[in-house]
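Peer 1: I would like to see how this sequence folds:
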Amino acid sequence: MNITMKSLLEWADEEHFAVVSFNYADLWTALGIIRAAERERAPSILQQVPPVVKNVGVGYLSGIGKAAAEYFGLKSPKTGEDFSGHVNQSFPIKEINRPDQTEAEICQIELLSVDPYGREADVKIKASDSDGYIQYYCYRFDQGEYSELYPWPRENWDSSLPEHEFTVALPEEETADLQVCVYNGYDLKTESNTITIFIPLQEEETEEITGETETLSRIPLDLSMSASEIRAEKGSLILLILCVSLILTGSLYFVIRLLQKRKRRNKGHKEW
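Peer 2: This next block holds a predicted model:
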């Protein structure tokens with residue numbers, strides 16, 4: 001239904017409903033607004049703000065409005081324009097471009113190296129999608145939950161590099177099964193092969209075993225203590241030694257004074 005702005009607002013005021021207005025920038029925006037208004041049976045207004053009108057011009061915006069009116073066969077009671085008999089042109093399409101509905105064809109991983117202490121491993125991923133590009137990747141250990149998604153390096157917005165290397169923190173186990181999953185531009189995932197990583201003996205475990213082979217009479221050192229804690233313990237020990245020294249010195253002085261008094265007292269008795 002096409003009515004004037006005044007009639008629309010008077011009707012909305014009488015029936016107590018709101019009339020929403022939308023800005024439009026091109027023909028497709030205007031067509032989308034009109035389609036949604038028809039589907040929801042909601043009166044709507046196509047409008048534009050003054051800065052946009054000044055920049056693009058009234059002719060451009062009115063041309064979009066006219067094209068939308070022709071497409072939907074609208075009629076204006078105010079201007080008298082009637083497009084109800086307008087026939088939209090159609091063009092044959094030889095080939096339909098559909099979104100990619102297949103996942104990436106290639107996703108393989110290869111272990112490059114493991115650090116001597118078994119904390120990290122370097123892994124190479126090979127992944128490609130002939131219909132698009134690789135967008136994200138993630139990994140998991142021992143068939144557990146996948147990690148967060150990491151961006152895959154891309155040359156352009158619609159193409160990605162065929163390989164990517166990353167460093168992963170290893171779990172505290174003797175072996176770990178690593179698997180990677182990649183996602184293409186349509187969020188379709190492809191899982192890689194699984195590789196088993198043999199993790200070297202941890203540095204802490206090596207020190208523990210070495211300590212067990214030493215003589216039992218040796219007092220074990222607390223290797224986890226920090227430098228500040230060691231300095232604090234040394235300070236406490238020095239303070240304790242000073243206190244003991246002061247007590248011994250005081251006691252010795254008291255004994256010497258007591259002996260001197262007794263000596264003078266005995267000397268006085270003899271003279272008497």
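Peer 1: C-alpha only now, for contacts and for neighbours.
Peer 2: OK.
Peer 1: Just the buried residues of stretch 73-85, please?
Peer 2: Burial within stretch 73-85, assessed by neighbour count using 16 or more other C-alpha atoms under 10 Å, is assigned to 74-75, 83.
Peer 1: Considering these, which is situated nearest to residue 161?
Peer 2: For the buried residues of stretch 73-85, the residue nearest residue 161 by C-alpha to C-alpha is residue 74; the value is 50.6 Å.
Peer 1: Which helix or strand in this structure has the lowest average pLDDT?
Peer 2: helix 203-213 (a mean of 54; mean pLDDT, DSSP states H and E).
Peer 1: quick revisit: so can I have JSON lines of the buried residues of stretch 73-85 showing secondary structure?
Peer 2: Shown next, in JSON lines, are the buried residues of stretch 73-85 (DSSP: H, G, I helix; E, B strand; the rest coil):
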{"residue": "74", "secondary structure": "coil"}
{"residue": "75", "secondary structure": "strand"}
{"residue": "83", "secondary structure": "coil"}
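Peer 1: Closest to residue 244 out of these?
Peer 2: Proximity of the buried residues of stretch 73-85 to residue 244 (C-alpha to C-alpha) peaks at residue 74, which lies at 105.5 Å.
Peer 1: thinking the closest one is in contact with residue 86, fair?
Peer 2: No: applying C-alpha atoms under 8 Å, one finds residue 74 not in contact with residue 86, separated by 9.0 Å.
Peer 1: got a pLDDT number for residue 40?
Peer 2: On the pLDDT scale, residue 40 is placed at 87.
Peer 1: Can you pull the phi and psi angles for it?
Peer 2: phi -90, psi 0 (degrees, to the nearest 10).
Peer 1: Please apply the same query to residue 124.
Peer 2: phi -110, psi 130.
Peer 1: right, and residue 45 touches residue 24 too?
Peer 2: No: when contacts are counted by C-alpha under 8 Å, residue 45 is not listed as touching residue 24 (10.3 Å).
Peer 1: Those two: which is more packed in?
Peer 2: Ranked by neighbour count (other C-alpha atoms under 10 Å), residue 45 and residue 24 place residue 24 first, with 20 against 16.
Peer 1: Tell me which residues touch the more buried one, please.
Peer 2: Contacts for residue 24 (C-alpha atoms under 8 Å, 6 or more residues apart in numbering) come out as 30, 46-48.
Peer 1: Try it again at 10 Å.
Peer 2: Listed by C-alpha atoms under 10 Å, 6 or more residues apart in numbering, the contact set of residue 24 reads 30-33, 46-49, 52, 61, 64-65.
Peer 1: Filter those residues down to just the ones in strands.
Peer 2: When these are checked against strands (DSSP state E), the matches are 46-47.
Peer 1: Which ones among the contacts of residue 24 map onto helices?
Peer 2: 30-33, 52, 61, 64-65 (DSSP state H).
Peer 1: and of these, the nearest to residue 173?
Peer 2: Among the ones in helices among the contacts of residue 24, and counting by C-alpha to C-alpha, the member closest to residue 173 is residue 32, at 56.9 Å.
Peer 1: since we're on the closest one, how many residues are nearby?
Peer 2: 13.
Peer 1: Excluding sequence neighbours, find me the nearest residue to residue 116.
Peer 2: Spatial nearest neighbour of residue 116, chain neighbours left out: residue 200 (6.5 Å); criterion: C-alpha to C-alpha, 6 or more residues apart in numbering.
Peer 1: how many neighbours does the one you found have?
Peer 2: 16.
Peer 1: Also residue 190?
Peer 2: Burial of residue 190 is recorded as 19 neighbouring residues (other C-alpha under 10 Å).
Peer 1: about what we covered before: same list (the buried residues of stretch 73-85) but as a markdown table, adding pLDDT.
Peer 2: Converted to a markdown table, those look like this (pLDDT from 0 to 100):
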| residue | pLDDT |
| --- | --- |
| 74 | 81 |
| 75 | 79 |
| 83 | 82 |
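Peer 1: could you redo the ones in helices among the contacts of residue 24 as a markdown table and give each row distance to residue 15?
Peer 2: Shown next, in a markdown table, are the ones in helices among the contacts of residue 24 (distance: C-alpha to C-alpha, whole Å):
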| residue | distance to residue 15 |
| --- | --- |
| 30 | 26 |
| 31 | 27 |
| 32 | 26 |
| 33 | 23 |
| 52 | 33 |
| 61 | 31 |
| 64 | 31 |
| 65 | 27 |
